[in-house]
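A.B. asks: for reference, the sequence and a predicted model appear below.
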There are 2 protein chains.
Amino acid sequence: MTMRFSDRLVALVEERESQIVLGLDPDPARLWPEAVARTASIETPPEDPGLLTAEAVAHHCGLAIAAAGPSCVAVKPQLACFERLGAHGWAALKQTIAVAHEHGLLVIADGKRGDVAATAAAYGQALVGRTHGPFGEVAGLGADAFTANPLLGRDALEPLLQAADTAAAGCFILVRTSNPGAAEIQDEPVEAPLRVKLAAIADELGAERVGSAGLSDVGAVTGATRPELLAELRAQMPRAIFLLPGVGAQGGRAEDLAPAFAPHPAAGLVSASRSIVDAYADRGDDPALAAQTAAESLRLVTWRLAAAHA
Amino acid sequence: MTMRFSDRLVALVEERESQIVLGLDPDPARLWPEAVARTASIETPPEDPGLLTAEAVAHHCGLAIAAAGPSCVAVKPQLACFERLGAHGWAALKQTIAVAHEHGLLVIADGKRGDVAATAAAYGQALVGRTHGPFGEVAGLGADAFTANPLLGRDALEPLLQAADTAAAGCFILVRTSNPGAAEIQDEPVEAPLRVKLAAIADELGAERVGSAGLSDVGAVTGATRPELLAELRAQMPRAIFLLPGVGAQGGRAEDLAPAFAPHPAAGLVSASRSIVDAYADRGDDPALAAQTAAESLRLVTWRLAAAHA
């Protein structure tokens, strides 16, 4: 049985007399010259800059691990820096994790993921688990630990922790981040619910980004599962386009969303996934036909509601 | 010049008489049978289940878009569901976005990203921008809008919004999410700073996951830039391993982190990226040598501090 993360870490800290984590935030414009030279020396057709750049990023991380790794107990790859190179970047991330493990280092995947339970479970599979599918199992990143964003609350953290438990991995929950702006959200007492503060920020940031119909490019995710909050949120964010998840499988009803549409028929977007894509499972229908019917009927209900309230 | 997101959306909502967003959360275990059949019919060597699964996922999304798309104005791919299939999953995501665009749909990339400014800029490149590197420009996902997590505050949102501005894209800020657990974090008034509530949750979730040295697998990200908070956070989370970003480039000093190490020398991890990997830029040294020196000197300072306080 694998030792749990904290015990693996303790052993490594004591063995290496180190608490240092090597952060890997590779910037393709500032790679070590040797990493670029190694890549350029390979005769690859240059039609895909993503492939070459990702290869150089992997070289850069490998060289940095070889140089600084012996003073460290872990590496912390910043997922954003790999993700911006697309599929090739993801491959470079996986390669970097393998190199870190070869050097006896733990890997803390820094992606600050956080989402509703079903999606959090998918992130757990991506970070430390595996995914079952029709062609076999697909392994995730194989990290030893990961960072997690707790804004969505406890039920959103649980699936991540269950994935960590299964993999004997660790999880670092964002409690007090290091950036200056953290003070406003994380340090000041909030007399009102946090959503009120978040709504004020969204409204302010959106004020300069308003289009010709009076709607802003800065929208707000406002769950359709607590429709009684929508009027309050709409009053706070009169220009925001509301993205309304939670209709269907999560129990929300399109009929309850009227305040979202008050400024404009386009001021509310009803997002539905399972209730459209999986409609055939309930109806015993052809998937495409069931999806078409479910989407069209949701559209009609919503459009009529919006027309009556905008 | 491209019309801004909100105006493109308004035009599409009016044209299609629809506010419906098709969520795409493909679960490889529940793909439409036709998508699996199409994939299985291709004679690909089956040694890479990730490749085949990702291909089936792309087919599934394509079929769902063709069926339900005409009733919708946008699709909302859940990044977690693609990311769990690794590099191939990321390629399937890109393909799905292309198919959505071919069907005249807007794309809202649902990744709920949020991080400190430098990393947020990288997420902006990944979602709606492009990345400059030694081999040319690498395009990001090309989404029309994305979701963003505001827990880190305003300075962490700004780079995402700047990326959106440049791309004429939209951004949906999480204000009130749809899951049951959102109530505790987003709805209840917080008399104390939010970090206190987050610390209580981290401590509670960690209580059942404690290893033999008394440290839990549920750690906490506690920035090294406000060291005066560490004693309070340590008192609240006596078993948590603190991941301490912000030393070096962000201004934090390893010398100030003593409370992190009170329970154990492994109870604090000092994460450093630029101050190690980019050390050569300041010192005019060989990158590897400079990284080695910087990492080793940080290790020594930290180890001695921990030894004196644990």
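C.D. replies: Perfect, thanks for sending it. Numbers count the residues shown, from 1 in each chain, chains lettered A, B, ... in the order given.
A.B. asks: can you give the domain ranges for chain A?
C.D. replies: A:5-173, A:182-309 (automatic domain parsing).
A.B. asks: help me see whether stretch A:112-129 makes contact with chain B, please.
C.D. replies: Yes. Using Cβ under 8 Å from any Cβ of the partner chain, we find that stretch A:112-129 touches chain B at A:112-120, A:122-123, A:125-126, A:129. All C-beta atoms are positioned from the backbone trio N, CA, C, and that covers glycine.
A.B. asks: ChimeraX command to pick out the buried ones of those?
C.D. replies: To isolate the buried members of the residues of stretch A:112-129 next to chain B in ChimeraX, using 16 or more other Cβ atoms under 10 Å in any protein chain shown:
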select /A:112,113,114,115,116,117,118,119,120,122,123,125,126,129
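A.B. asks: which two of the residues of stretch A:112-129 next to chain B have the greatest separation?
C.D. replies: Farthest pair in those (Cβ to Cβ) is A:112 and A:118. Separation: 18.8 Å.
A.B. asks: tell me how many other residues crowd the closest residue to residue A:244 other than its chain neighbours.
C.D. replies: Closest residue to residue A:244 apart from its sequence neighbours, by Cβ to Cβ, 6 or more residues apart in numbering or on different chains: residue A:224 at 4.3 Å. Each residue near residue A:224 was counted by other Cβ atoms under 10 Å in any protein chain shown, and the total is 26.
A.B. asks: what's the distance between the helix or strand harbouring residue A:204 and the middle of its chain?
C.D. replies: Element membership for residue A:204, per DSSP states H and E: helix A:194-206. Computed by Cα atoms, centre = their mean, to the nearest Å, the separation of helix A:194-206 from the middle of its chain amounts to 20 Å.
A.B. asks: can you dump the C-alpha atoms of it in PDB for me?
C.D. replies: Output of helix A:194-206 as PDB, limited to C-alpha atoms (Å, rounded to 0.1, in the frame of the first residue of the first chain):
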ATOM      1  CA  LEU A 194     -19.900  37.000   0.000                       C
ATOM      2  CA  ARG A 195     -22.000  36.800  -3.100                       C
ATOM      3  CA  VAL A 196     -22.900  40.500  -2.600                       C
ATOM      4  CA  LYS A 197     -19.300  41.500  -2.600                       C
ATOM      5  CA  LEU A 198     -18.600  39.300  -5.600                       C
ATOM      6  CA  ALA A 199     -21.600  40.900  -7.400                       C
ATOM      7  CA  ALA A 200     -20.300  44.400  -6.600                       C
ATOM      8  CA  ILE A 201     -16.900  43.500  -8.100                       C
ATOM      9  CA  ALA A 202     -18.400  41.900 -11.200                       C
ATOM     10  CA  ASP A 203     -20.600  45.000 -11.700                       C
ATOM     11  CA  GLU A 204     -17.700  47.400 -11.300                       C
ATOM     12  CA  LEU A 205     -15.400  45.500 -13.700                       C
ATOM     13  CA  GLY A 206     -18.300  45.300 -16.200                       C
END
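A.B. asks: just the strands in the stretch 201-310 of chain A please.
C.D. replies: Here the stretch 201-310 of chain A has its strands, by DSSP state E, counting those that start in this stretch, at A:218-222, A:242-244, A:268-272.
A.B. asks: redo these as JSON lines? Include mean neighbour count.
C.D. replies: Below are the strands of the stretch 201-310 of chain A laid out as JSON lines (neighbours: other Cβ atoms under 10 Å in any protein chain shown):
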{"stretch": "strand A:218-222", "mean neighbour count": "31"}
{"stretch": "strand A:242-244", "mean neighbour count": "28"}
{"stretch": "strand A:268-272", "mean neighbour count": "29"}
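A.B. asks: can you redo those as CSV with mean pLDDT and distance to residue B:303?
C.D. replies: Shown next, in CSV, are those (pLDDT from 0 to 100; distance: least, Cβ to Cβ, whole Å):
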stretch, mean pLDDT, distance to residue B:303
strand A:218-222, 89, 44
strand A:242-244, 90, 48
strand A:268-272, 89, 50
